[in-house]
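S.K.: Got a predicted model here, sequence first, then my questions.
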Amino acid sequence: MDIFFEIECLTERSKAFLGEEIRKNYLKNSQKRDVGNLILKLIQYNKENLHFLGVESITEGSDDKVSVYFKSGQYIGAVPIISSSTGLPVADFLVTPRYVKSKDFTTITDIIQKIKHDLVIEYKKDSILKSNKILEPPLFLEAIKFVNALRQLVTQNWNKFRQVTRLLNEPAGNVDWDDYARNEYKVERRLKFLCRKNELSSFHPEYCQIKYVYELCKKELLSTNTPLKVRLNVSNDLQFIDKKLEFIPPMRVSAMVTRVSDPPIVKQCKEIANRILQNKFVSSLAWRVNLSELYERYIQYIFKLVSQRYGGKVINNSQLREVGQAPVGWKLKHLSPDIIYETRDETIMIDAKYKSHLYNTDSSTDSLKEEHRHDLHQILAYSSFTKFPESNQKTAFLCYPSSEPYHFKLKYNSLQRDFINRVILLGVPFDLGQSAKVVDEILMIIKSLPSEKAA
């Protein structure tokens, strides 16, 4: 498999990729003395593709001592590395999930199915992977989302009017009198009338088109591309849908038409179906998946579990609107914290950041500091909208991915005004199997807050 470089997402600094190694493998006709300039040219030539994956490159050294480091962000996926001399792909750059074992995406699938999130696979239409189907995206994710939506649709009555033509014993509906005139001389047709009628039925063209997309998804889900665990989990849904759609024939379609009158579940099925039809399960294109929004939804799910055990109210993606009249184009019209958790004691602001900070606790790079400074200022700005509880302290949570659930507390106090802002850095593993531990960790923190304030 032609892999130029493989890196996990949320990597602050990768291992060194030596220039001489790049020259031997991908710049074979080049001279050793030119390797520095050639690698700089190669990286610059592929800057757009690397940017698509959220990857930054850092070049150190010069001439034959040059080396390249990479920094990855919130995306996973694959893009081709294009030769600056021929314009053809020489290998592929791969970013893998940090938390998924054996790259089978079952962890992501478990989370998506649990929180019902619509994770989108994005493609770069003008970039074809060197490895073709070997580095294919997790196409079964789209198929699972379609099956989940269709599972709800088949339990409802989605009927439409369709025009049917039948030979009846009496005139009814729109009668084809020309046909009657042509066949009236036949004794057996004298009292037979060819009639066209409109009737409500589930055997309409759009349901047939849905059946066609379902067959595509079913084929993908039952293939070896889909992890065994996922195949087992989805088998019951497939059997249920097969039984419901048994007598509906598939109708080939290139795009489904969405209508304002469509029920919400129908519209959802059509939107997912159109993504599937547009991509046609093409796995040779460069692709990426943004895990940042999925992580935010997962944190919202975690705090929903916390509220179910501790009590209180969870408000997701609330908007704090700007109501001033400042005549500037760069002003923010609203602020949007990921979660507002209202307990019986106070209101807690919570923000989730899919960043690498808790995987790099021993590092002190400027980029880590600046990103954390921005995150900290943001959560403190959100906290300014909460009222002070009985004490003079406020609490906020800043959530980052980590390998194990843990936390530590940051306190920022003003001696002049005698109040304290407490920010709890919470490490939340992106793993549904550890969600119970995370909930216990959060409950322990929240229950300890009143005693800490009293002290």
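M.R.: Received it, and whenever you're ready, just let me know what you need.
S.K.: W330: what's it in contact with?
M.R.: For W330, no contacting residues are found, by Cβ atoms under 8 Å, 6 or more residues apart in numbering. All C-beta atoms are positioned from the backbone trio N, CA, C, and that covers glycine.
S.K.: can you confirm it is in a strand?
M.R.: No - per DSSP: H, G, I helix; E, B strand; the rest coil, W330 lies outside any strand segment and is coil.
S.K.: Tell me which residue lies nearest the centroid of the protein.
M.R.: The residue lying closest to the centre of the chain (Cα atoms, centre = their mean) is L119, at 2.7 Å.
S.K.: My assumption is that that one lies in a helix; please confirm.
M.R.: No - according to three-state DSSP, L119 belongs to no helix; its state is coil.
S.K.: I'd like the distance from it to F203, if you could.
M.R.: According to Cβ to Cβ, to the nearest Å, L119 stands 33 Å off from F203.
S.K.: go on, D418?
M.R.: Distance of D418 to F203, given as Cβ to Cβ: 73 Å.
S.K.: what do you get for T96?
M.R.: Taking Cβ to Cβ as the measure, T96 falls 45 Å from F203.
S.K.: what's the burial count for the residue nearest to E371 when sequence neighbours are not counted?
M.R.: Counting by Cβ to Cβ, 6 or more residues apart in numbering, the nearest residue to E371 once its immediate chain neighbours are dropped is K355, at 6.1 Å. K355 is flanked by 20 other residues according to other Cβ atoms under 10 Å.
S.K.: now K355, what's its secondary structure?
M.R.: Once three-state DSSP is applied, K355 turns out coil.
S.K.: Could you check the pLDDT of it?
M.R.: K355 carries a pLDDT score of 89 in this model.
S.K.: For it, what are phi and psi?
M.R.: Main-chain dihedrals, K355, degrees, to the nearest 10: phi -130, psi 170.
S.K.: how close does it sit to L320?
M.R.: As judged by Cβ to Cβ, K355 and L320 stand 22 Å apart.
S.K.: cool, L376 as well?
M.R.: Remark: distance between L376 and L320 (Cβ to Cβ) = 18 Å.
S.K.: Pick out whichever of those two has more residues nearby.
M.R.: Each of L376 and L320 has its neighbours counted (other Cβ under 10 Å); L376 has more, 18 against 14.
S.K.: in a helix, that's where the more buried one is, yeah?
M.R.: Yes - counting by three-state DSSP, L376 is part of a helix.
S.K.: In which helix or strand does Y295 reside?
M.R.: Assigned by DSSP states H and E, Y295 falls within helix 292-310.
S.K.: For that helix, give me every contacting residue.
M.R.: With contact meaning Cβ under 8 Å, 6+ apart, helix 292-310 is reached by 74, 108, 111-112, 114-115, 117, 119, 313-314, 316, 338-339, 341, 343, 350, 352, 354, 399, 401, 428, 430, 435, 438-439, 442-443, 446-447.
S.K.: how far out from the middle of the chain is that helix?
M.R.: Helix 292-310 has its average C-alpha position 16 Å from the chain's average C-alpha position, going by Cα atoms, centre = their mean, to the nearest Å.
S.K.: same deal with stretch 19-34?
M.R.: Taking mean C-alpha positions (Cα atoms, centre = their mean), stretch 19-34 and its chain are 38 Å apart.
S.K.: Give me the buried stretch members for it, please.
M.R.: The neighbour-count check on stretch 19-34 (16 or more other Cβ atoms under 10 Å) flags 19, 22-23, 26-27, 30 as buried.
S.K.: May I see those residues organised as JSON lines, with secondary structure and distance to E215 added?
M.R.: Output for the buried residues of stretch 19-34, formatted as JSON lines (DSSP: H, G, I helix; E, B strand; the rest coil; distance: Cβ to Cβ, whole Å):
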{"residue": "G19", "secondary structure": "helix", "distance to E215": "50"}
{"residue": "I22", "secondary structure": "helix", "distance to E215": "45"}
{"residue": "R23", "secondary structure": "helix", "distance to E215": "49"}
{"residue": "Y26", "secondary structure": "helix", "distance to E215": "41"}
{"residue": "L27", "secondary structure": "coil", "distance to E215": "46"}
{"residue": "S30", "secondary structure": "coil", "distance to E215": "50"}
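S.K.: which among those residues gets closest to S254?
M.R.: Nearest to S254, judged by Cβ to Cβ, of those is Y26 at 38.4 Å.
S.K.: Do you have the strands of the stretch 251-400 of the chain handy? List them.
M.R.: For the stretch 251-400 of the chain, the strands defined by DSSP state E, counting those that start in this stretch occupy 285-290, 313-316, 320-321, 334-335, 339-342, 347-352, 393-401.
S.K.: and E8, which of the ones you listed is closest to it?
M.R.: Of all those, strand 393-401 sits nearest to E8, with 11.2 Å by Cβ to Cβ.
S.K.: packing partners for the closest one?
M.R.: strand 347-352, helix 366-383, strand 419-428, helix 435-454 (3 or more Cβ pairs under 8 Å, 6 or more residues apart in numbering; DSSP states H and E).
S.K.: what is the mean pLDDT for it?
M.R.: For strand 393-401, mean pLDDT rounds to 91.
S.K.: and it with strand 419-428, angle?
M.R.: Going by axes from the mean of the first three to the mean of the last three Cα atoms, to 10 degrees, strand 393-401 is angled at 20 degrees with respect to strand 419-428.
S.K.: what's the spacing between the residue nearest to K229 when sequence neighbours are not counted and V66?
M.R.: Nearest non-adjacent residue to K229, counting by Cβ to Cβ, 6+ apart: T106, 5.0 Å away. For T106, the distance to V66 equals 39 Å [Cβ to Cβ].
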